[in-house]
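J.: pasting a predicted model and its sequence here:
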Amino acid sequence: MTQKLQRACLMASALALAVLSAAPAAQNTEQKQEQPRFRGGANLVRVDAYVSRDGQPIADLTADDFEVLEDGAPQRIESFQVIRARGPVPQAARVEPNTVAEARAMAADADARLFVLFLDVWHVHVEGSFRAQNPIINLLDRAVGQDDLIGVMTPEMSARNLTLARRTTTIEGILRDNWYWGQRQRLNTADPREQELQMCYPDSSSETAGIAQELIDRRRERKTLDAIEDLIIHLEGIREERKFVILLSEGWRLPRRDDRLARKLAGFGIPGTDPIGVGPTGKLTSRPAQGAAGTDSCERERQRLAAEDLELDFRTLLQRANRANVTFYTVDPRGLVVFDEDLSTRRATDVIGDRERLSARQDSLRDLAANTDGVAILNTNNIEAPLQRILADTSSYYLLGYYSTNTKLDGKFRKLTVRVKKPGFDVRARPGYLAPTEAELAVARVDRLMNGAAPGHSDIPPELRRALDKLAPSRASVPMRVQVGSGGGRIWLTTELDATVVKSPEWQKGGMAHIVVEHERGAAAPIQRDVTLESGQRMFKVMDIGPGSLPPGRYVIRLSLAPTGGSLPLQTTVDVTVPDAAALIGTNGLTLRRGPATGLAYVATADARFQRTERIRFEVPRLSSDGTVSARLINRSGQQLPLEVALGERDDDELHLHVIVADLTLAALGQGEYILEIAVEKEGKTERASYPFRLVP
């Protein structure tokens, strides 16, 4: 069913282009107000502001009514435009793009709004997909105007295959002809991988009962979140102005790491080894009997899925959506819900557990909407009425343009604040933007010349994107940076103060750091450590937190650093996962730098900013005595660079562990962001540790 719906979406997109390319382009007779001519510089910033009062949109303000701040500094508004969405017109009168370049140009037009309908096929019951068709079709008829563009996407699609069009008839046909697209809790699955998991872990066995369903649930949530993240990145590259995603979903549980799910199962060997048995000829063999399903791939999948932390990835996704200026309107098409699971399923008999799962699913939809300035439509049998909020939210907005007073091409995040000088108004605007670098500007110029991919588009895998997201503190001046690692039942951290903090008067006498480490599920008693900083000391390490070997799992570390001078303390919270005994490599590691300021010595650091005159050393515990070790350098686009990474191994006296050492000279690199990755492969299993860093002038 999902493949059929995916084909329908792709064919609809192609048909929207092919059919309408033969039709004559309608002439737009409405004269648009002439706008000020922009000077086209790197410091040009555009901000879309949605203003309301008592829930009603306001469209009669002037440029003098607004105030724009960038990192707290007032900016002069040089361009001002009121965008009023033009209402729908007959489908035949809508002008469609004839090429991909035309579609991108239409999407970049400030007069056009951009909508995407995301059908979360794995997390919607068939009853919900049936109930949603008429309200969504009515919304499209009323919301999508003659200048707007809309596309439809499912988790099985790549965002690169998303085609934006102005006609909605094809999408309406998809919703009506494929109203049974909801796949949640279908008795049969057409996914070969899910079928394999059901064969490996049958419910008929008490040892494996429930495992297959839990793995399938985690796998589906992972693929859905990855698809949403892919969509966010794609939309970010299309335009700066706000993008709207209407998400039809019943929500996600967002499970954390589950060591019980990864437990050793009776009758299952270590992945990569075949069991000894008797073959059809009566001879001993290491291959399973003909017709028997091998469990190696299932076990690898089980260990991988059990170790994932979807809640943490979801929080990162919220940050990316905010940065990309994407608003989500989440719709649970079930209506008023009492139970999360059908009464026919085994898990539904656990009333308390069912209620917890329902709350988790609804909370995920609320969080996605609330954190992206959207609306969550839940627990109502009349979803059409609250859908009208989308019409009100998007009916009009203001487009403000200014030339930033900060002309540095440093790639740092800059916070935006938009206010209305008159009281009583609510203003919603993008929270900020990333300033471009010189390299990014060059890429953007090439993209425009070639009419190719949107600037910033990347095929980088989600796990590498998440690694790059950790570089956010290195794009701005922060008072304190922390790097934390784990392995072999140990946790260590490196903390580094900014030079300006150490030189301030209150830090002249040093300070005191207080560290609290807690296991998220209480598997270990809370640990507290205090560290004294001497006058002028910027960096300190704590190489062995806690007595003995710590239980595996996720730990939350709270760090408070107060100066002896008595001002307010610096505080931060980080997390780290202690791997289990079967892991091949540690989680993160220890980073050191060597350069003109350090002489011949390598000095530990928590600052991910490096210069070309330095060397970087990344050390990660090797937890398996054998296996193949490799290392590589990856750029921001996910491409492996042909730069040799020196590899070595040694026993570390501070960590009391055997570590893998990756050493890299940075002289050959240009300014930008990179990932240094160490991998260990053993018997078909590969584990990686990544360190993202930023090369600065």
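T.: Sure thing, it's come through. Numbers count the residues shown, from 1 in each chain.
J.: so what's residue 689 closest to, chain neighbours aside?
T.: What sits nearest to residue 689 in space, not counting adjacent residues and going by CB to CB, 6 or more residues apart in numbering, is residue 620, at 4.4 Å. All C-beta spots, glycine's among them, are computed from the backbone N, C-alpha and C.
J.: give me the residues contacting the helix or strand that neighbour falls within.
T.: Taking DSSP states H and E as the definition, residue 620 sits inside strand 615-621. Strand 615-621 is contacted by residues 485, 487-488, 585-586, 588-595, 602, 610, 652, 655, 657-666, 676, 678, 689, 691, 693 when judged by CB atoms under 8 Å, 6 or more residues apart in numbering.
J.: right, and the helix or strand after the longest helix anywhere in the chain?
T.: In the chain, with assignment by DSSP state H, the single longest helix is helix 211-238. For helix 211-238, the following helix or strand on the C-terminal side (DSSP H and E) is strand 243-248.
J.: just checking: what are the partner strands of that next one?
T.: Paired neighbours of strand 243-248 in the sheet (DSSP bridges): strand 114-119 (parallel), strand 326-331 (parallel).
J.: out of the ones you listed, the one nearest residue 468 is which?
T.: Of all the strands paired with strand 243-248, it is strand 326-331 that lies closest to residue 468, at 17.9 Å by CB to CB.
J.: centre of the chain to the closest one, how far?
T.: 15 Å (CA atoms, centre = their mean, to the nearest Å).
J.: after that strand, next one along is what?
T.: helix 351-370.
J.: any idea what the residue nearest to residue 241 when sequence neighbours are not counted is bridged to?
T.: Counting by CB to CB, 6+ apart, residue 241 lies nearest to residue 48, which is 4.7 Å off, once chain neighbours are set aside. Beta-bridge pairing for residue 48 (DSSP bridges): residue 399.
J.: please begin residue numbering at 16 from this point
T.: Sure, I'll start counting at 16 from here, so that last one is residue 63.
J.: sorry, back to before: could you tell me the angle between the helix or strand just after the strand holding residue 635 and strand 630-636?
T.: Going down the chain from strand 630-636, the next helix or strand is strand 643-650, by DSSP H and E. If you take axes from the mean of the first three to the mean of the last three CA atoms, to 10 degrees, strand 643-650 sits at 140 degrees to strand 630-636.
J.: and strand 643-650, what's buried?
T.: For strand 643-650, a neighbour-count test (16 or more other CB atoms under 10 Å) marks 644, 646-650 as buried.
J.: quick check: phi and psi at the closest residue to residue 126 other than its chain neighbours.
T.: Using CB to CB, 6+ apart and skipping the chain neighbours, the partner closest in space to residue 126 is residue 162 (4.9 Å). Here is the backbone geometry of residue 162 (degrees, to the nearest 10): phi -100, psi -10.
J.: cool, and the one 3 residues further on?
T.: In this entry, residue 165 is assigned phi and psi values of phi -140, psi 150 (degrees, to the nearest 10).
J.: quick one: contacts for it?
T.: So residue 165 contacts 129-132, 155, 159, 179-181, 183, 186 (CB under 8 Å, 6+ apart).
J.: and the least confident of the residues you listed?
T.: Across those, the bottom pLDDT score, 72, is held by residue 183.
J.: distance between the strand holding residue 635 and the chain's centre?
T.: 26 Å.
J.: next one: stretch 509-522
T.: For stretch 509-522 - counting by CA atoms, centre = their mean - the centre lies 32 Å from the chain centre.
J.: show residues contacting that stretch.
T.: In contact with stretch 509-522 (CB under 8 Å, 6+ apart) are residues 492-499, 528, 551-557, 574, 576, 578-582, 585, 605-606, 619-622.
J.: go through that stretch and flag the buried ones.
T.: In stretch 509-522, counting by 16+ other CB under 10 Å, buried: 509-513, 516-517, 522.
J.: kindly report the same for stretch 90-97.
T.: 90, 92, 94-96.
J.: which one of these is nearest residue 228?
T.: For the buried residues of stretch 90-97, with residue 228 as the reference and CB to CB as the criterion, the closest is residue 96, at 52.3 Å.
J.: wasn't that closest one part of a strand?
T.: Yes - under DSSP: H, G, I helix; E, B strand; the rest coil, residue 96 sits within a strand.
J.: wait, it touches residue 413, no?
T.: Yes - Residue 96 lies in contact with residue 413 (CB atoms under 8 Å); the separation is 7.1 Å.
J.: count the neighbours of residue 278 for me.
T.: The number of residues packed near residue 278 is 11, by other CB atoms under 10 Å.
J.: residues in contact with it?
T.: Contact partners of residue 278, counting by CB under 8 Å, 6+ apart, are absent.
J.: rerun at 10 Å
T.: 226, 317, 321, 595 (CB atoms under 10 Å, 6 or more residues apart in numbering).
J.: repeat that for residue 689.
T.: 483, 486, 625, 631, 648-651, 656, 658, 679, 681, 706-710.
J.: okay, and which of those map to helices?
T.: Using DSSP H, the subset of the contacts of residue 689 located in helices is residue 483.
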